[in-house]
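A.B. asks: Build me a model:
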Amino acid sequence: MLKPSVFKECLTNPSFSIYGGVSGLYDYGPPGTALTNNIVDIWRKHFVLKENMLEVDGTMLTPYEVLKTSGHVDRFSDWCTKDPKSGEIFRADHLVEEVLEARLKGDKEARGVKVQEEESEGQSKKKKKVKNVAAVKLDDAVVQEYEEILAKIDNYGGEELGLLMKKYDIRNPSTGGELLPPVAFNLMFSTSIGPSSNLPGFLRPETAQAHFVNFAKLLEFNQQSMPFASATVGKSFRNEISPRAGLLRVREFLMGEIEHFVDPEGGKKHPRFDEVRDVELELLNREVQLAGKTHVETTPIGKAVDSGLVDNETLGYFLARIQLFLLRIGVDKSKIRFRQHMANEMAHYAADCWDAELLTSYGWIECVGCADRSAYDLTVHMKKTGAPLLVREPRKEPLKIEEWQVDIDKKKFGPKFKKDGKTVEAAIEALTQDMREKLSLDLQNEGKIVIDVPGVGDGKVEVPKELIAIEKRTRIENTREYTPNVIEPSFGIGRIMYALCEHNYWTREGDEARGVLSFPPPVAPTKVLIVPLSSHSDFKPFVRILSDKLQEIGVSSRVDDSGASIGKRYSRNDELGTPLGITIDFQSVQDNTFTLRDRDTTKQVRAGLDEICKAISSLVNGTESWQDVQARLPAFEGQEVDKE
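C.D. replies: Numbering: from 1, shown residues only. Take a look at the predicted model:
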């Protein structure tokens, strides 16, 4: 388990800590900033470059109308409950989850089952609402009920959470006070734009809207070619009810989002799906969750798409690519699963959604969401603004369409209906083909039609044949128009970073005080530690030469020339994840050779400057492993630098 001191002191720190800090806001220190930048760099190479994506950078300030149209103003909410006496506010689903988990823990203790104590500071904070866990044995049926509720906790709405709180007598854990029924709390930070405050707005809760409102320009930039994807890396903001668990639930966070625009008519196929067809994923589908279970099934993504478990090839393609990215940066494969959203937790825009969840000391944590947003976003923005957020492409063969068309004599229509003219005309234009066919017969037989027009007269409007004609005609279409669907992978960079740290932290055998962060060299914050054997003046020129050479090849390094032993110097940098170390000793002065140390094995090789830099470059770029380097460079056994 990751030591809190490593993460808190070196990687992140609560923002404004000298003022007491602000819950849910964190500053990244130099190692944390470098680690984040390296994750993002690999993300860009893995997705943006590999898929030829169009990268965009939208503004963080978003006008009210944009997010009202997208549905975020009305639906982007969590359920919160309040203690009316103390004023304390809780996120309802988290409170139910924590109380039931605490009761299950108490049941295990009462049954004599040893419960592993949480060791990390972050884990203890997670459970701070339920401070005292009573060892009370529960009926087997109650235990099963609790486990089933926890398995589908994300599927409960506000009313259902309120019923659970009432049924299981869930109160304020601190005071025992009764809580009010859950109410929706919108998670967006509101603001106003401009000095007059007449233009309300929000800090964006996601980066996606910039892609949708700029779709026409992106399509033009892509030479009207479909499908294509755009990508953004940037900050988003959510006013979390109860920020907790360090970087796992914060109010300001870095996201990487991709919007892959695809033609829905072709079944949302992906041209490169065969490349990932055999990639196996651990899938937890919604039916299993609704049954109160959490069993995952190892499934090749090709089989999952063919069976309809995963809706389409493009969604399946990105699920596989997401796993490959996580493995590339060093996430533990045994701690990855993909969980399908249940109906009640699905975002308002989603047709299907799977989360890549990573196992941490806090349990399974959503780190990547992959949603099929269908055509929702482009459709609502186009309807609101009239902007043509659609694709026009020539048909291979002209399409003949027989349809009932309506002709209105507008010279007579206006004087007849006066101020209601536009309303009546809109109602006529909205008539379906079946209704137009029926009304054409009415027009022929009765010389008039009667249509429903709410708000005009009694809601029924009579239109005589002198004002309207309805005829069946053949229309030729040479151009096809359609609104693309969107598949959206959305990455929480901070959450991925935290899980990566936990997955790669371990301690040396026989010495638990010596922690190691085994980041792969491409993602490690600092790649190389330069360690002169002592403060002897003969070593200083070599420190400068090595530093300059590493800078030239784009490799980050730091020098530790403190008075501590070499073992101690390497040990404290192992804990920060530095994968490689160069030792400068008296042999270096004589023959210009250096030792190169591997963090995980503590093995060393020795070679000249060029060979050492070549090995470092290949390790950092991921083109060689330490085993490859060790096989071609001479081993060095002269120093035991890892003993104090």
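A.B. asks: give me every residue that touches Asn485.
C.D. replies: Counting by Cβ atoms under 8 Å, 6 or more residues apart in numbering, Asn485 makes contact with Phe261, Val262, Asp263, Pro264, Lys268, Asp372, Arg373, Ser374, Ala375. The C-beta positions use only the backbone N, C-alpha and C, and glycine is treated the same way.
A.B. asks: ugh, wrong one, I meant Arg277
C.D. replies: By Cβ under 8 Å, 6+ apart, Arg277 lies in contact with Pro300, Ile301, Gly302.
A.B. asks: Give me the buried subset of these.
C.D. replies: Pro300, Ile301, Gly302 (16 or more other Cβ atoms under 10 Å).
A.B. asks: which of the residues you listed lies closest to Pro522?
C.D. replies: Ile301 (24.9 Å; Cβ to Cβ).
A.B. asks: Dump the contacts of Asn485 to a markdown table, plus secondary structure, distance to Ser307 and neighbour count.
C.D. replies: Below are these laid out as a markdown table (DSSP: H, G, I helix; E, B strand; the rest coil; distance: Cβ to Cβ, whole Å; neighbours: other Cβ atoms under 10 Å):
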| residue | secondary structure | distance to Ser307 | neighbour count |
| --- | --- | --- | --- |
| Phe261 | strand | 26 | 24 |
| Val262 | strand | 20 | 23 |
| Asp263 | coil | 23 | 17 |
| Pro264 | helix | 20 | 14 |
| Lys268 | coil | 16 | 22 |
| Asp372 | strand | 17 | 24 |
| Arg373 | strand | 23 | 22 |
| Ser374 | strand | 21 | 19 |
| Ala375 | coil | 25 | 19 |
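A.B. asks: Looking at the residues you listed, which is nearest Leu150?
C.D. replies: Asp372 (26.9 Å).
A.B. asks: right, and the closest one touches Glu313 too?
C.D. replies: No: counting by Cβ atoms under 8 Å, Asp372 stays clear of Glu313, with 11.4 Å between them.
A.B. asks: tell me, what's touching these two both at once?
C.D. replies: Lys268.
A.B. asks: element containing the nearest residue to Gln405 once chain neighbours are set aside, please.
C.D. replies: Leaving out its chain neighbours, the residue that sits closest to Gln405 by Cβ to Cβ, 6 or more residues apart in numbering is Arg473, at 5.2 Å. Arg473 is part of strand 468-482 when elements are defined by DSSP states H and E.
A.B. asks: out of the contacts of Arg277, which are inside helices?
C.D. replies: Ile301, Gly302 (DSSP state H).
A.B. asks: With distance to Arg480 and pLDDT as added columns, please give the contacts of Arg277 in TSV.
C.D. replies: Below are the contacts of Arg277 laid out as TSV (distance: Cβ to Cβ, whole Å; pLDDT from 0 to 100):
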residue	distance to Arg480	pLDDT
Pro300	34	98
Ile301	30	98
Gly302	30	97
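A.B. asks: Quick check: of the contacts of Arg277, which lies closest to Phe539?
C.D. replies: Ile301 (53.4 Å).
A.B. asks: mind listing what that closest one touches?
C.D. replies: Contacts for Ile301 (Cβ under 8 Å, 6+ apart) come out as Val276, Arg277, Asp278, Val279, Glu280, Leu281, Val310, Gly316, Tyr317, Leu319, Ala320.
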